[in-house]
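>>> With the sequence up front, the predicted model follows.
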Amino acid sequence: GINAEYMGWIYGLSSLYTTTLQPPDDYLNWFTTSMVIPPQHRAVAPEISDLMVFDYILANTDRSMGKNNYVAGGCTRECPSGPEHIGPPMFIHVDQGSSFYKRDAPPHNPLSSEDSPFCRGFRKTTVRRILELKSGHRSRGTLIAILQKDLPPSILKHIGMTRFRAVQHRLDKLAAHLEKCMSKFPKNEVVMF
């Protein structure tokens, strides 16, 4: 088989680095230091934060800022022909299938290290949902329980429960990391968006 994707249904789709949402080279400092996020990058910072969370939980190993990141709208060079995206530029989170392969955390993700300095710039709704889905929370269920309930049996069988348990384990580790961050730093620095 061939691993590929076709996203022709999304108008105005471009690589991140050809759009107005392109982050500067030092963008990781937004999340690890008290560096102020410049106003022109405030729209992209929560998207990058969510993308790192998404890729960490699913163990996506093949993404970097310059690879497999797409934006609808906001193209500045090498723009696609055809209809344009309507509205402000927006990140399109796409995964081409390099998730779930590993049980370990993705090696190049800043959230993967045991003592990750990534403690700033999370989206409020993302933090709330991670804390709701962790093991032992009294919400509607853990992430693994929701996946078991909502995914088709063929997908569950293909990915396997061992890998789904690894997904839940990474989410639980991320929840503990977020709680640790909120105990060390002002909440308005941890949850900025």
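Structure received.
>>> so what's Ala45 closest to, chain neighbours aside?
Spatially, and ignoring its direct neighbours in sequence, Ala45 is nearest to Ile37 (5.0 Å; C-beta to C-beta, 6 or more residues apart in numbering). All C-beta atoms are positioned from the backbone trio N, CA, C, and that covers glycine.
>>> Look up how far Asn29 lies from that neighbour.
Counting by C-beta to C-beta, to the nearest Å, the gap from Ile37 to Asn29 is 9 Å.
>>> Of those two, which one has the most company?
When Ile37 and Asn29 are compared for neighbours, Ile37 comes out ahead with 20 against 14, by other C-beta atoms under 10 Å.
>>> Show me the strands in the protein, by range?
Ranges of strands within the chain are 13-15, 70-72, 90-92, based on DSSP state E.
>>> Please compute how far the second one lies from its chain's middle.
Once both centres are worked out by C-alpha atoms, centre = their mean, to the nearest Å, strand 70-72 turns out to sit 14 Å from its chain's centre.
>>> Check which helices and strands that strand sits against.
Contact analysis of strand 70-72 by 3 or more C-beta pairs under 8 Å, 6 or more residues apart in numbering; DSSP states H and E lists strand 13-15, strand 90-92 as its packing neighbours.
>>> contacting residues for Thr61?
With contacts defined as C-beta atoms under 8 Å, 6 or more residues apart in numbering, the neighbours of Thr61 are Ser98, Ser99, Tyr101, Lys102, Pro106, Pro107, His108.
>>> Quick one: buried ones out of those?
Among the contacts of Thr61, those classed as buried by 16 or more other C-beta atoms under 10 Å are Ser98, Ser99, Pro106.
>>> correct me, but the residue nearest to Ala45 touches Gly121?
Yes - with contact defined as C-beta atoms under 8 Å, Ile37 and Gly121 form a contacting pair (7.2 Å).
>>> residues shared between the contacts of those two?
Trp30, Ala45, Met192.
>>> now those as JSON lines including pLDDT, neighbour count and distance to Ile130?
Formatted as JSON lines, the entries for these read as follows, by pLDDT from 0 to 100; neighbours: other C-beta atoms under 10 Å; distance: C-beta to C-beta, whole Å:
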{"residue": "Trp30", "pLDDT": "90", "neighbour count": "23", "distance to Ile130": "19"}
{"residue": "Ala45", "pLDDT": "91", "neighbour count": "21", "distance to Ile130": "18"}
{"residue": "Met192", "pLDDT": "88", "neighbour count": "18", "distance to Ile130": "15"}
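>>> Against Asn109, how distant is the residue lying closest to Ala59 once chain neighbours are set aside?
Closest residue to Ala59 apart from its sequence neighbours, by C-beta to C-beta, 6+ apart: Lys102 at 4.9 Å. As defined by C-beta to C-beta, Lys102 lies at a distance of 11 Å from Asn109.
>>> again, but for Val167
For Val167 relative to Asn109 (C-beta to C-beta), the value is 14 Å.
>>> Please apply the same query to Leu58.
For Leu58, the distance to Asn109 under the criterion C-beta to C-beta works out to 10 Å.
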